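> Sequence plus predicted model, see below.
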Amino acid sequence: MSLESLVDEIRRKGEAELESIAQHRAAETARISADRDGKVGEIRTQSARATDAEVQRERAQRIAAAKLRARKLLYEAREERLKNAVAETRELLRGYTASAAYPNVLRRMCAVATDALGKPVRVSGRAEDAGLLGKVAGKSFDPTPQPILGGLIAETPDGTRRLNLSFDELLRLREDKVRELLA
């Protein structure tokens with residue numbers, strides 16, 4: 001073998017090795033690029049999914065908050081309407097005290113109080129009803145005025161038992177039923 005052929009063979013081996021290294025480098029570069037592109041695509045997909053999930057969660061929270069506000073406003077409006085209706089009922093009761101049927105109601109209340117508490121009973125009511133209660137209760141009438149809408153308050157002489165038949169107390173005791181009726 002001559003020197004030239006040896007140099008040619010070394011050159012060919014070198015070129016073949018260089019070609020092999022270049023092919024390997026190109027293949028490795030292509031693999032790395034494909035891997036990078038795959039990871040970037042995967043990250044984009046995960047990011048899109050996470051964004052969609054966050055948007056859906058935020059939307060659901062806003063809808064729930066809006067529904068809660070709507071229910072609160074509805075409740076407040078209903079409560080205000082019921083409060084006004086109860087106030088109107090109070091005014092109707094106040095007006096009822098001027099009606100012709102009111103003296104009969106006081107008589108029946110006095111009879112109920114006497115039945116419940118016994119014969120010696122002390123009866124008091126509004127200052128406006130003093131004359132009427134004096135007739136109905138007789139000697140057991142206590143002229144001390146009470147701050148009530150109407151009706152009467154009966155008490156045993158020793159003060160141990162008391163029966164509040166005032167319109168205020170009757171309305172308070174039955175306010176839930178009144179609210180149901182008005183709702």
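It's in.

> got the contact list for stretch 6-16?
Outside stretch 6-16, not one residue touches it by C-beta atoms under 8 Å, 6 or more residues apart in numbering. Every residue, glycine included, has its C-beta placed from N, CA and C.

> How far away from the center of its chain is it?
Computed by C-alpha atoms, centre = their mean, to the nearest Å, the chain-centroid distance of stretch 6-16 equals 89 Å.

> Over to the most centrally placed residue in the chain. Which of the three states is it?
For the chain, Lys72 is the residue whose C-alpha lies nearest the centre (C-alpha atoms, centre = their mean; 5.4 Å). Three-state assignment for Lys72 (DSSP: H, G, I helix; E, B strand; the rest coil): helix.

> who's in contact with the helix or strand of the chain with the lowest mean pLDDT?
Lowest on mean pLDDT, DSSP states H and E among the helices and strands of the chain sits helix 175-182, with a mean of 78. The contact list for helix 175-182, computed with C-beta under 8 Å, 6+ apart, reads Arg81, Leu82, Ala85, Val86, Thr89, Leu171.

> What are the buried residues along it?
With burial defined by 16 or more other C-beta atoms under 10 Å, the residues of helix 175-182 counted as buried are Val178.

> just stretch 86-102 next, same as before
Val86, Thr89, Leu93, Thr97, Tyr102.
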